[in-house]
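Colleague: predicted coordinates and the sequence they were generated for:
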Amino acid sequence: MTQPWLDGLLQRLYPPTCFLCGAPGHAGLDLCPGCRADLPHNRHACPRCAIPVPEDQGTGAPCGPCQRHPPPFAASHAAFRYEDPLPALVAGMKFRARFNLTRLLGQCLTLALLEQGAERPELILPVPLHRRRLRERGYNQALEVAREVSAALAIPIDGATCIRALHTSAQVGLDDRERRRNVRGAFAVLRPPAAHHVAILDDVVTTGSTVTELTRTLRAAGVERVDVWAVARTP
Ligand SMILES: [Zn+2]
Ligand SMILES: [Zn+2]
């Protein structure tokens with residue numbers, strides 16, 4: 001976390017500038033109020049899996065699939081629907097190491113968690129990358145977003161108790177069933193997390209197969225409650 005005086009100095013040297021249109025930013029965010037309002041905020045969603053629901057159907061009850069087959073996680077929160085311009089923003093953060101973008105998306109997720117009244121976990125656990133992928137990319141984007149959220153909400157990160165034990169192929173282009181098979185047994189807990197309630201954090205949740213598998217692994221290791229936090233959720 002930076003010092004207030006340093007924040008003040010940085011604000012003067014690098015005033016917040018909108019990432020999308022270049023206009024002055026607002027409230028310390030690299031987004032202008034107009035572009036921020038235009039983003040696809042995920043305000044009407046299933047409380048259990050965060051899948052977007054039409055505005056007039058947002059009753060606060062879990063969606064049909066969650067009622068029929070309750071997922072192992074207790075609640076999910078996503079800042080945005082994975083619609084334009086999110087794919088480009090997430091790709092910039094994930095593959096081109098644009099850390100100012102990571103900071104912005106982390107700030108947006110923090111604001112969404114506060115707005116959506118997310119319950120406070122004891123730990124934030126970023127979805128781990130396999131060490132081979134970590135070596136190729138050089139950083140774990142989920143951990144980078146988690147650092148922002150952790151600093152803003154003063155919730156510690158646990159980046160050590162759980163690893164990705166299997167080098168799974170990319171999930172892109174796989175259907176739901178193939179994705180589930182692809183991530184089965186992918187995670188391993190090295191030592192049980194020192195918490196009853198953790199939030200796992202991922203950049204984008206698509207079918208939920210990765211977070212479902214990680215939640216199962218954590219619950220089998222004795223964690224009572226797991227929530228899912230994500231920058232974006234595919235509709
Ligand atoms: Zn703008
Ligand atoms: Zn649901």
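Modeller: In hand now; what should we look at? Ligands and ions are numbered 1, 2, ... in the order given.

Colleague: can you name the residues in contact with the strand or helix carrying residue 36?
Modeller: Applying DSSP states H and E as the criterion places residue 36 in helix 33-38. Residues from elsewhere that reach helix 33-38, judged by Cβ atoms under 8 Å, 6 or more residues apart in numbering: 18-21, 23, 26, 29. Just so you know, the C-beta spots here come from the backbone N, C-alpha and C atoms, and that holds for glycine as well.

Colleague: repeat that for stretch 71-79.
Modeller: Residues from elsewhere that reach stretch 71-79 (Cβ under 8 Å, 6+ apart): 41-42, 45-50, 105, 108-109, 111-113, 116, 118-119, 200, 205, 208, 211-212, 215-216, 219, 225-233.

Colleague: show me which parts of the longest helix seen in the chain are buried, residue by residue.
Modeller: Scanning the chain for the longest helix, with DSSP state H as the assignment, gives helix 99-115. Of all the residues in helix 99-115, those buried under the rule 16 or more other Cβ atoms under 10 Å are 99, 101-113.

Colleague: stretch 37-48 near ligand 1 anywhere?
Modeller: No: using Cβ under 5 Å from the ion, stretch 37-48 never reaches ligand 1; the gap is at least 8.3 Å.

Colleague: may I see the buried residues of stretch 133-144?
Modeller: 140-144.

Colleague: oh sorry, the question was meant for stretch 50-57
Modeller: 50-53.

Colleague: quick one: terminal-to-terminal distance for it?
Modeller: End-to-end distance of stretch 50-57 (Cα to Cα, to the nearest Å): 14 Å.

Colleague: how about stretch 218-227?
Modeller: The first residue of stretch 218-227 is 11 Å away from its last residue (Cα to Cα).

Colleague: mean confidence for that stretch?
Modeller: Summarised as a single mean, pLDDT over stretch 218-227 is 96.
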